[in-house]
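here are the coordinates; sequence isn't available:
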């Protein structure tokens, strides 16, 4: 009996590892599925400290997103670019109070430094001829501007009225929610570099005039003042000051004037263009702008981020909705009140300042156009992105500018062919993701902009404007 029991025990003991060996792949698949389930649940969990819309869709369930953003980058972005850390910082500061100013600075600066370090991989001096200039404001403080030109093209003599090159000027405002310098050098190098490549590949470049139009182009990076230290309209004022100085004092832009900006910089580009139509702006490139929309039936008038895209993409980390509202308060000097705001859903927080400076008002565009005495509106290259909480604001601006074009054409029926149409691009890789994940869209968009620059250059060479 004892021998039988030992034999049975031996058989029983050997059955367990045999079962595991036979089913090891099934067990591994089950454990992997459980792990993925827990991961999806944790990634889908609402970690924001205020209510979000019932229409919000977890990133991994956002089918219109590029797969790399949907499953990976959409979640990693918040770790790589931790702007959400800034939401604990004050949005309104008494900068004359040393202790309060020091506390605010120590809170904001680490994130700014980290984000600016992401630009360290780009050495502009290795790619372009670079000139740094400072332009004086009315209070004697300085706006720093970096001028880029194609390598081996000298800046000599560009600081005076003697610069008569028929080359384009491209004014560029970086992104960063008006509070950090996001991708300032990286995106500038990518965009300007590709425009040069298009110039070299242009079949018309057998002609010397066509060949020189991009070779001598100047790209101006504006380091506008940031919030919350400087509230609206400081960033726009700096950009307008730089544009006027470069055109009127340094004689740039005789081959075309083009305004550009990404994200918050796109918002600034909208207002700069609106307020500079009398300078005969040729085009403006607006990439995923931050556009608060007019609040319905509000009196007095207010604006908010309340929109379809802000609701649907509330789980976004690129950019996160809590930081988008924090930076909006910082830009407008609205004090954070956690007790009051805790019950306000994201997107519903209102401000009493239009940070677009009237750029989402068709009547103001029409008035500026009428007062400018120019013959045509600037062409618009507009980009929005699926997965971006800011998408609806860009689409709203598209409708506004379409309305402006219609009004201008209605008053000048004989010149309708001269009015530009909007080049609208919709990407699928989240906020600014197309610069990495959708190279064909990036290249096609740059080609459209290059074509507009080429047309503008031809008009100016022939004095047909």
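Nice, thanks for sending it over. Owing to the predicted nature of the structure, the values given are computational and were not obtained by experimental measurement.

only C-alpha atoms from now on, for both contacts and neighbour counts.
Fine.

strands along this structure, start to end?
Using DSSP state E, the strands found in the chain span residues 128-136, 142-150, 169-173, 218-223, 257-262, 283-287, 293-294, 303-304, 350-351, 379-385, 423-427.

so which of those strands is nearest residue 315?
Set against residue 315 and scored by Cα to Cα, these come closest in strand 379-385, at 15.0 Å.

note down every partner strand of that closest one and its orientation.
strand 283-287 (parallel), strand 423-427 (parallel) (DSSP bridges).

export the ones you listed to a markdown table and tack on distance to residue 56 and mean neighbour count?
Formatted as a markdown table, the strands paired with strand 379-385 follow (distance: least, Cα to Cα, whole Å; neighbours: other Cα atoms under 10 Å):
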| stretch | distance to residue 56 | mean neighbour count |
| --- | --- | --- |
| strand 283-287 | 24 | 25 |
| strand 423-427 | 20 | 17 |
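
residue 93: which of the strands of the chain is closest?
Among the strands of the chain, strand 350-351 sits nearest to residue 93 (Cα to Cα), with 17.1 Å.

in the sheet, which residues pair with the closest residue in space to residue 421 that isn't next to it in sequence? Tell me.
Computed as Cα to Cα, 6 or more residues apart in numbering, the closest residue to residue 421 that is not its neighbour in sequence is residue 379, at 6.5 Å. On the basis of DSSP bridges, residue 379 is bridged to residue 283.

in terms of pLDDT, where does residue 379 sit?
On pLDDT, residue 379 comes in at 97.

looking at it, it is touching residue 283, isn't it?
Yes: using Cα atoms under 8 Å, residue 379 is in contact with residue 283, at 4.5 Å.

report the set of residues contacting both of those two.
residue 452 (Cα atoms under 8 Å, 6 or more residues apart in numbering).

pLDDT weak spots in the stretch 201-350 of the chain?
Along the stretch 201-350 of the chain, segments meeting pLDDT under 70 span 205-212.

how about the helices in the stretch 201-350 of the chain?
Taking DSSP state H, counting those that start in this stretch as the criterion, the stretch 201-350 of the chain carries its helices at 208-215, 234-244, 264-274, 308-312, 321-332, 338-341.

now for those helices, which one comes closest to residue 59?
Using Cα to Cα, the helices of the stretch 201-350 of the chain put helix 308-312 closest to residue 59, at 9.7 Å.

what's that closest one packed up against?
helix 391-411 (3 or more Cα pairs under 8 Å, 6 or more residues apart in numbering; DSSP states H and E).

if we can go back for a sec, tell me who's in contact with the residue nearest to residue 421.
Residue 379 makes contacts with 282, 283, 284, 420, 421, 422, 452, as judged by Cα under 8 Å, 6+ apart.

neighbours of residue 86, how many?
20 (other Cα atoms under 10 Å).

gap between it and residue 322?
When distance is defined by Cα to Cα, to the nearest Å, residue 86 is 10 Å away from residue 322.

then residue 31?
From residue 31 to residue 322 the distance is 35 Å (Cα to Cα).

tell me the contacts of the closest residue to residue 199 other than its chain neighbours?
Leaving aside its sequence neighbours, residue 199 sits nearest to residue 214 (Cα to Cα, 6+ apart; 5.9 Å). For residue 214, the contact set (Cα under 8 Å, 6+ apart) comprises 167, 168, 195, 196, 199.

re earlier: and the strands paired with strand 379-385 as TSV, adding distance to residue 136?
TSV is the format used below for those (distance: least, Cα to Cα, whole Å):
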stretch	distance to residue 136
strand 283-287	25
strand 423-427	36
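
how about the ones you listed, which one is nearest residue 361?
Going by Cα to Cα, the one of the strands paired with strand 379-385 nearest residue 361 is strand 283-287, 16.3 Å.

hmm, who's touching that closest one?
The contact list for strand 283-287 (Cα under 8 Å, 6+ apart) reads 257-263, 266-267, 269-270, 273, 378-384, 432, 449, 452-453.

that one to helix 264-274, inter-axis angle?
150 degrees (axes from the mean of the first three to the mean of the last three Cα atoms, to 10 degrees).

how many neighbours does residue 271 have?
For residue 271, using other Cα under 10 Å, the count is 21.

thinking it is in contact with residue 356, fair?
Yes: with contact defined as Cα under 8 Å, residue 271 reaches residue 356; the gap is 5.8 Å.

wait, isn't residue 53 in contact with residue 313?
No: assessed by Cα under 8 Å, residue 53 is found out of contact with residue 313, at 9.4 Å.

save the helices of the stretch 201-350 of the chain as CSV, and put in distance to residue 131 too.
Formatted as CSV, the helices of the stretch 201-350 of the chain follow (distance: least, Cα to Cα, whole Å):
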stretch, distance to residue 131
helix 208-215, 16
helix 234-244, 14
helix 264-274, 21
helix 308-312, 40
helix 321-332, 29
helix 338-341, 45
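
most tightly packed of the ones you listed?
Of all the helices of the stretch 201-350 of the chain, helix 264-274 has the most neighbours on average by mean count of other Cα atoms under 10 Å, namely a mean of 27.

other SSEs contacting that helix?
strand 169-173, helix 234-244, strand 257-262, strand 283-287.

how about low-confidence regions in the stretch 351-465 of the chain?
413-418, 464-465.

state the distance from the residue nearest to residue 421 to residue 427.
Distance, residue 379 to residue 427, by Cα to Cα: 20 Å.

then residue 258?
Using Cα to Cα, residue 258 is found at 22 Å from residue 427.

also residue 197?
Distance from residue 197 to residue 427, by Cα to Cα: 23 Å.

try residue 71
17 Å.

please apply the same query to residue 232.
Distance, residue 232 to residue 427, using Cα to Cα: 29 Å.

and what of residue 125?
Taking Cα to Cα, one finds residue 125 at 31 Å from residue 427.

related to what we said a few turns ago, for the strands of the chain, which one sits closest to residue 77?
The nearest among the strands of the chain, by Cα to Cα, is strand 379-385 at 15.8 Å.

okay, angle between the closest one and helix 391-411 too, please.
160 degrees.

tally of neighbours for residue 183?
Around residue 183 there are 20 residues (other Cα under 10 Å).

you'd agree it is up against residue 177?
No: Residue 183 is beyond contact range of residue 177, at 11.6 Å (criterion: Cα under 8 Å).

tell me how far residue 77 lies from residue 142.
Taking Cα to Cα, one finds residue 77 at 33 Å from residue 142.

then residue 294?
Counting by Cα to Cα, the gap from residue 294 to residue 142 is 34 Å.

same question, residue 58
Shown here: residue 58 relative to residue 142, a distance of 44 Å by Cα to Cα.
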